[in-house]
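K.L.:
Provide a 3D model corresponding to the input given below.
(one chain, ligands or ions: 2)
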Amino acid sequence: MDFDTPLAEAWIRAIATAVEQQQTLLTDLDSAIGDGDHGSNLRRGFAAALTALDDLRPDGPGAVLTKTGTTLISKVGGASGPLYGKAFRAIGAALPGPADPATLAEALAAGLDAIRALGKADPGDKTIVDAWTPAVAALRTAAATGADLPEATAAAAEAAEQGARATTPLRARKGRASYLGDRSTGHQDPGATSTALLFRTLAQTTAP
Ligand code: ADP
Ligand code: MG
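P.N.:
Ligands and ions are numbered 1, 2, ... in the order given. Below you'll find the model as predicted:
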C-alpha cells in the first residue's frame, strides 16, 4: 500500500475530526501556558481545509496537502497556522505521486524542515518540533527496515506521543509560552500535542 490521493484526503478529514473532538484538550493546554486558542485555531483551519478540498480535483496526494497548507496559512492567525501551513505545503511539494514509506518519511522530514526554517525552534524548546522530530526519525527507521505504511506510521505516532509527553518538564524557549519563563514547566505543550494527533490520525488512516 502506498500513500495515495484517497489516503491524503482521508488523513485531512481525520485530522479535522480529531481536532474537533480534542478542541477542549488543546484549548486547556494552551490556556495553561498560552492564550487558549490552539484548539479553536486548528478546528477553524482544518474545517476550512475540508471545504477547500471539496472544490479540488487533486492530481496526486501532494495537491491535497499543499491545498491544506495554503488554507491553514490563510485561515489561522496564531503561530500554529503558518507553521503547520508551511509544513503541509512542504510535504505536498515532496509528494507528486503515490508514496512508499521511505518517500513519505522524506516528505514529512521536509515538513519539519519548513517548521524549523520559519519558527527557528530546536528540539527541547517545548514546541511542535519536539513531537515532529522523533516522529520523522521513527518513520525513517521503520521505512529503512522494511516496515509497511501502517507499521511505519504507527511507529511515528507512538514516537510523536512520547515526544509530546516529554515536553511537560521543559521550559519554553519559543512562542508565547516562552514569556512565562520557568512557569511554563509542568505543562504539556499544546502544539506538540496537536502534532501527536496529526501523526496518530495518519496511523489510523493507513491502518488495515
Ligand atoms: P499562538 O501561540 O499564536 O496563540 P497557537 O496557540 O495556535 O498559536 O499555537 C501554539 C503552539 O505553537 C505552541 O504550543 C508551540 O508548540 C507552537 N509554536 C509556537 N512558536 C513556535 C516556534 N517558533 N516554532 C515551533 N513551534 C512553535
Ligand atoms: Mg495560542
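K.L.:
can you tell me how far residue 65 is from ligand 1?
P.N.:
Distance, residue 65 to ligand 1, using Cβ to the nearest ligand atom, to the nearest Å: 19 Å. Yep, even glycine has a C-beta here, placed from its N, CA and C like the rest.
K.L.:
how about residue 161, nearest residue that isn't a chain neighbour?
P.N.:
residue 196 (4.6 Å; Cβ to Cβ, 6 or more residues apart in numbering).
K.L.:
now do the contacts for the one you found.
P.N.:
Contact analysis of residue 196 by Cβ atoms under 8 Å, 6 or more residues apart in numbering lists 131, 157, 160, 161, 163, 164.
K.L.:
of all these, which comes closest to ligand 1?
P.N.:
residue 131 (8.4 Å; Cβ to the nearest ligand atom).
K.L.:
how about the residues of this protein near ligand 2?
P.N.:
Within the chain, the residues that sit near ligand 2 (Cβ under 5 Å from the ion) are 30, 34, 35, 37, 38, 78.
K.L.:
is the one helix or strand the residue nearest to residue 161 maps to in proximity to ligand 1?
P.N.:
Assigned by DSSP states H and E, residue 196 belongs to helix 190-206. Yes: judged by Cβ under 6 Å from any ligand atom, helix 190-206 comes into contact with ligand 1 through 190, 191, 192.
K.L.:
and stretch 21-34, by the same measure?
P.N.:
Yes: Stretch 21-34 reaches ligand 1 (Cβ under 6 Å from any ligand atom) through 30, 34.
K.L.:
residues of that stretch that come out buried?
P.N.:
Applying a neighbour-count criterion of 16 or more other Cβ atoms under 10 Å, the buried positions in stretch 21-34 are 22, 23, 25, 26, 27, 29, 30, 32, 33, 34.
K.L.:
for it, which outside residues touch it?
P.N.:
By Cβ under 8 Å, 6+ apart, stretch 21-34 touches 19, 36-40, 42-43, 172, 175-177, 180, 183-184, 187-190, 193-194, 197.
K.L.:
let's go with 10 Å and repeat that
P.N.:
18-19, 35-44, 78-80, 126, 164, 167, 172, 175-180, 183-194, 197 (Cβ atoms under 10 Å, 6 or more residues apart in numbering).
K.L.:
contact residues of the chain facing ligand 1?
P.N.:
Of all the residues in the chain, those lying near ligand 1 are 30, 34-35, 37-38, 41, 78-80, 83, 115, 119-121, 127-129, 174-176, 189-192, going by Cβ under 6 Å from any ligand atom.
K.L.:
all helices for this structure, in order.
P.N.:
5-21, 23-33, 38-54, 61-75, 80-93, 101-119, 129-144, 149-165, 190-206 (DSSP state H).
K.L.:
just put those in CSV and tack on mean pLDDT.
P.N.:
Formatted as CSV, those follow (pLDDT from 0 to 100):
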stretch, mean pLDDT
helix 5-21, 98
helix 23-33, 97
helix 38-54, 97
helix 61-75, 98
helix 80-93, 98
helix 101-119, 98
helix 129-144, 98
helix 149-165, 98
helix 190-206, 98
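K.L.:
what about residue 198, how many neighbours?
P.N.:
27 (other Cβ atoms under 10 Å).
K.L.:
same check, this time on residue 165
P.N.:
Quick note: residue 165 (other Cβ under 10 Å) scores 16 neighbours.
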